[in-house]
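# Have a look; sequence and predicted model below, questions after that.
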Protein chains: 2
Amino acid sequence: MSALSLAEPASPWPAKHERKRDRAVKREAVLHAAVQSFNRKGFHATSLDEVAASLNVTKPTIYHYFANKDEILFECVRLGLDGIRVAAETVERNGGSGFDRLKALMRRYAIIMTQDFGICVTRTADHELSPQAKAQFRALKREIDHTVRRVVADGMRDGSLAAGDPKIVTFTLTGALNWIARWYDPAGSLSAEEVADGCVATLLLGLTPRSGA
Amino acid sequence: MSALSLAEPASPWPAKHERKRDRAVKREAVLHAAVQSFNRKGFHATSLDEVAASLNVTKPTIYHYFANKDEILFECVRLGLDGIRVAAETVERNGGSGFDRLKALMRRYAIIMTQDFGICVTRTADHELSPQAKAQFRALKREIDHTVRRVVADGMRDGSLAAGDPKIVTFTLTGALNWIARWYDPAGSLSAEEVADGCVATLLLGLTPRSGA
């Protein structure tokens, strides 16, 4: 008599919660394979046949999880933007001066820009998205922009940040952070943490030497 | 007797130098029409039929000046990068401390990023260019990057700029400047000069208040 017959009768078919988890894992695998191709070759040059082949399946399998390539791209940028949104929420929960919150937010933002979905946000142009996705993409980006701008304005009010136009200051710092996605090389000599710390320090301290420094 | 007969005998055919100038003017008109479409709709969605129609001609006329759409895109980014290269040369000729040269270069760079060909440089991804154009594009970008990095390193050496890693500092500031091309709105409330001055001041002074400021 085998051990199996002593246990609960096992079904060769997965339970419902297992099927759900399995589906989520496979959906995510498609996104990870696709985002790497988008970042390397661009959206237009990415072929779902190749993405499927890299996962040992064929294109129809991918269509089991996503309607089309547009939807996959949108999901990739949404995940990248969601990372920044979550980082902003965490920072806001922790509280502190405008300076403290901005510094923490910038560091998390910078790290996301060294990761696949963050890179995809910077590399994707509005016009690569479908009209509906474009509107959602812009709305998500605007939300993040407003969050950063609010932290900047708070810091200018509480005196922890230098005075300035919150709009220009916000675009200057998010521009520098977004650009990390264009130049950071995971195979290069600088780690993601070194890039994040260096970029944030440059933005916080400025290029002009501090007196007494 | 008309005045005409007193002048040199006039030919209805243009002289060689006139034909040359005329060709240059028309070639430039194609580039200006194309870059606006690239910036608005992206390279892939830009149709040379539409570009030609906006100039009151048909596509074959455009092929009289350029081999294909790839060549037009490359010429657009080349013009944008050339603007930055010329700005850097002018600044280097004027001399001064690393700080003075970097400040002047950043301001010129920022203004270029509010203009059509500069915008095209930021919006164009490597993979949108043909393989040969991509190699040239990268070489031109690298040249500019090295020029900025040299000015940054000079300023760190002469003490006019804060100490730091010249590579990270350069990418941080060029990132912020390049990003202007993604957010500057000519129809918005801020002029190109206000954006340039605000962005450069933010980078020079940093986000941390200066003691005694």
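Thanks, I have the structure now.

# Against residue A:25, how distant is the nearest residue to residue A:29 once chain neighbours are set aside?
Nearest residue to residue A:29 in three dimensions, chain neighbours excluded: residue A:55, at 5.9 Å (C-beta to C-beta, 6 or more residues apart in numbering or on different chains). C-beta coordinates here come from the backbone N, C-alpha and C atoms, glycine included. The gap separating residue A:55 from residue A:25 is 12 Å, by C-beta to C-beta, to the nearest Å.

# The two: which is more packed in?
Neighbours per residue, other C-beta atoms under 10 Å in any protein chain shown: of residue A:55 and residue A:25, the larger number sits with residue A:55, 15 against 9.

# and that one, what does it touch?
Applying C-beta atoms under 8 Å, 6 or more residues apart in numbering or on different chains to residue A:55 gives the contacts A:29, A:30, A:33, A:61.

# that older thread, and the residue nearest to residue A:29, its phi and psi?
Backbone geometry at residue A:55, expressed as degrees, to the nearest 10, gives phi -110, psi 10.

# And the biggest helix by length in chain A, how far out from the chain middle?
Ranked by residue count, the top helix of chain A under DSSP state H comes out as helix A:131-158. Averaging C-alpha positions (C-alpha atoms, centre = their mean, to the nearest Å) puts helix A:131-158 15 Å from its chain's average.

# Next: stretch A:41-60.
In terms of C-alpha atoms, centre = their mean, the centre of stretch A:41-60 is found 21 Å from the chain centre.

# residues in contact with the residue most central in space within chain A?
In chain A, the residue lying closest to the centroid (C-alpha atoms, centre = their mean) is residue A:80, at 2.0 Å. Contacts for residue A:80 (C-beta under 8 Å, 6+ apart) come out as A:112, A:115, A:117, A:118, A:119, A:120, A:121.

# Correct me if wrong: the second one contacts residue A:83.
By that I understand residue A:115. Yes: shown here, residue A:115 and residue A:83 form a contact pair, counting by C-beta atoms under 8 Å, at 7.5 Å.

# secondary structure element for the residue nearest to residue A:22 when sequence neighbours are not counted?
Distances taken as C-beta to C-beta, 6+ apart put residue A:14 closest to residue A:22, at 6.6 Å, once the chain neighbours are dropped. Following DSSP states H and E, there is no helix or strand that holds residue A:14.

# do the same with residue A:87
helix A:69-94.

# Using PDB, write out every CA atom in the helix or strand just after that helix.
From helix A:69-94 onward toward the C-terminus, using DSSP H and E, the following helix or strand is helix A:98-112. This file holds the C-alpha atoms of helix A:98-112, laid out as PDB (Å, rounded to 0.1, in the frame of the first residue of the first chain):
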ATOM      1  CA  GLY A  98       9.000  68.400   3.200                       C
ATOM      2  CA  PHE A  99      12.700  67.800   2.800                       C
ATOM      3  CA  ASP A 100      12.700  64.400   4.500                       C
ATOM      4  CA  ARG A 101       9.700  63.200   2.500                       C
ATOM      5  CA  LEU A 102      11.100  64.500  -0.800                       C
ATOM      6  CA  LYS A 103      14.500  62.900  -0.200                       C
ATOM      7  CA  ALA A 104      12.900  59.500   0.700                       C
ATOM      8  CA  LEU A 105      10.600  59.700  -2.300                       C
ATOM      9  CA  MET A 106      13.300  60.600  -4.700                       C
ATOM     10  CA  ARG A 107      15.500  57.700  -3.600                       C
ATOM     11  CA  ARG A 108      12.700  55.200  -4.100                       C
ATOM     12  CA  TYR A 109      11.800  56.800  -7.400                       C
ATOM     13  CA  ALA A 110      15.400  56.600  -8.600                       C
ATOM     14  CA  ILE A 111      15.600  52.900  -7.800                       C
ATOM     15  CA  ILE A 112      12.400  52.200  -9.700                       C
END
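
# and helix A:98-112, what does it pack onto?
If you count contacts as 3 or more C-beta pairs under 8 Å, 6 or more residues apart in numbering or on different chains; DSSP states H and E, helix A:98-112 packs onto helix A:69-94, helix A:131-158, helix A:166-183, helix A:192-205.

# Buried deepest among these, which one?
The highest average neighbour count among the helices and strands packed on helix A:98-112, using mean count of other C-beta atoms under 10 Å in any protein chain shown, belongs to helix A:166-183 at a mean of 24.

# okay, the angle between that one and helix A:98-112?
30 degrees (axes from the mean of the first three to the mean of the last three C-alpha atoms, to 10 degrees).
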